[in-house]
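A.B. asks: make a model of this:
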Amino acid sequence: MEWCQRFNQLVEWLGPDFDGVIAFDEAHLIKNAAATPHGGKATVDQGTQRGNMGIELQRRFPQARVRYFSATGATEARHMAPYERLGLWGEGAPFADFSTFLVAMERGGVAAMEMLFRDLKCVGTYLSRTINYGPTRNSDGSIVPNSAVEYEPLLHRLSEDERRQYDQIADLWSELLIAFAVSLFMALIVIAAALCNAQYSYANLWHSKYATQRSFSILFWKLSSRLQLKLLAHGSPL
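C.D. replies: Now for the predicted structure:
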């Protein structure tokens, strides 16, 4: 298989005693490495091929310095399966294996995840930075000229026509929402019988319905873009 050939090519290129840096950019792409929940219980399975290759690459080179870079590294505890080098499970770690870690995090919920990343920050294993809009300072405390980010909020005031357009869309959305709820209730028994999971099907259908609400975001973008285009036409910076 092509992915297997590429992996073997990479392993051969690094060599058996590689001790350099392995950097996983966009590390969230391997987040489904070896953990999926089944029936509300935290369990571990084989996961995706991409995720497993990420884990295998780390295990092939135990002396390598591994770094994970991502803006959305983990939204659930199970997404942390490929991050073995954080030292959270294994020999000498707080948890014997990933399964034990996953069960503990699932039981602790959001509070457990917050405490986990707080501790990772304390030991320097986890870095989470934000953009600084302030000026850059020299070692003596003086400010570097023109180093601050300048921005100005743009306020677009809706016209009467724009308000009327929004109200009409909101009214239509409300009517569609009521009709959808009635139709879903009438068909729920059939759906449950077909999927054998009424709760799952009900939640996913509502999720699909609310996904259409992005039309509101498109409308606001359309209205605000008029002001932006007007400023650009007159040579004003945004």
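A.B. asks: OK, contacts around D119?
C.D. replies: Contact partners of D119, counting by Cβ atoms under 8 Å, 6 or more residues apart in numbering, are absent. Where you see a C-beta, it was placed from the backbone N, CA and C, and this is true even at glycine.
A.B. asks: what strand or helix carries it?
C.D. replies: In this structure, D119 sits in helix 98-122 according to DSSP states H and E.
A.B. asks: now that helix: buried residues?
C.D. replies: Counting neighbours by 16 or more other Cβ atoms under 10 Å, one finds that the buried residues in helix 98-122 are F98, S99, F101, L102, V103, A104, M105, E106, M113, L116, L120.
A.B. asks: of those, which is the nearest to Q168?
C.D. replies: Set against Q168, the nearest of the buried residues of helix 98-122 by Cβ to Cβ is M113 (42.6 Å).
A.B. asks: I'd say the closest one and M105 touch.
C.D. replies: Yes. M113 lies in contact with M105 (Cβ atoms under 8 Å); the separation is 6.3 Å.
A.B. asks: what is in contact with those two at once?
C.D. replies: A77.
A.B. asks: if we can go back for a sec, which members of the buried residues of helix 98-122 define the maximum pairwise distance?
C.D. replies: S99 and L120 (19.8 Å).
A.B. asks: returning to what we had before: after the helix holding D119, which helix or strand is next? Please name it.
C.D. replies: With elements assigned by DSSP H and E, the helix or strand that comes after helix 98-122 is helix 160-195.
A.B. asks: for that following helix, which helices and strands make contact with it?
C.D. replies: Under the contact definition 3 or more Cβ pairs under 8 Å, 6 or more residues apart in numbering; DSSP states H and E, helix 160-195 sits against helix 198-211, helix 214-233.
A.B. asks: so where's this protein uncertain?
C.D. replies: Residues of the chain meeting the criterion pLDDT under 70: 1-3, 34-47, 73, 131-132, 186-216, 234-238.
A.B. asks: let's go with 80 and repeat that
C.D. replies: Applying pLDDT under 80 to the chain picks out residues 1-4, 33-48, 72-75, 129-136, 146-156, 177, 180-238.
A.B. asks: for the residue most central in space within it, what are its contacts?
C.D. replies: With distances taken as Cα atoms, centre = their mean, the chain has T72 as the residue nearest its mean C-alpha position (3.7 Å). Neighbouring residues of T72 by Cβ under 8 Å, 6+ apart: H28.
A.B. asks: tell me the SS of it?
C.D. replies: coil (DSSP: H, G, I helix; E, B strand; the rest coil).
A.B. asks: can you tell me how far it sits from K121?
C.D. replies: 17 Å (Cβ to Cβ, to the nearest Å).
A.B. asks: and if you look at T130?
C.D. replies: 13 Å.
A.B. asks: and N146, by the same measure?
C.D. replies: 32 Å.
A.B. asks: for V66, give me phi and psi.
C.D. replies: phi -100, psi 130 (degrees, to the nearest 10).
A.B. asks: okay, and the beta partners of it?
C.D. replies: Taking DSSP bridges as the rule, V66 bridges to I22.
A.B. asks: neighbours of it, how many?
C.D. replies: When neighbours are counted by other Cβ atoms under 10 Å, V66 registers 19.
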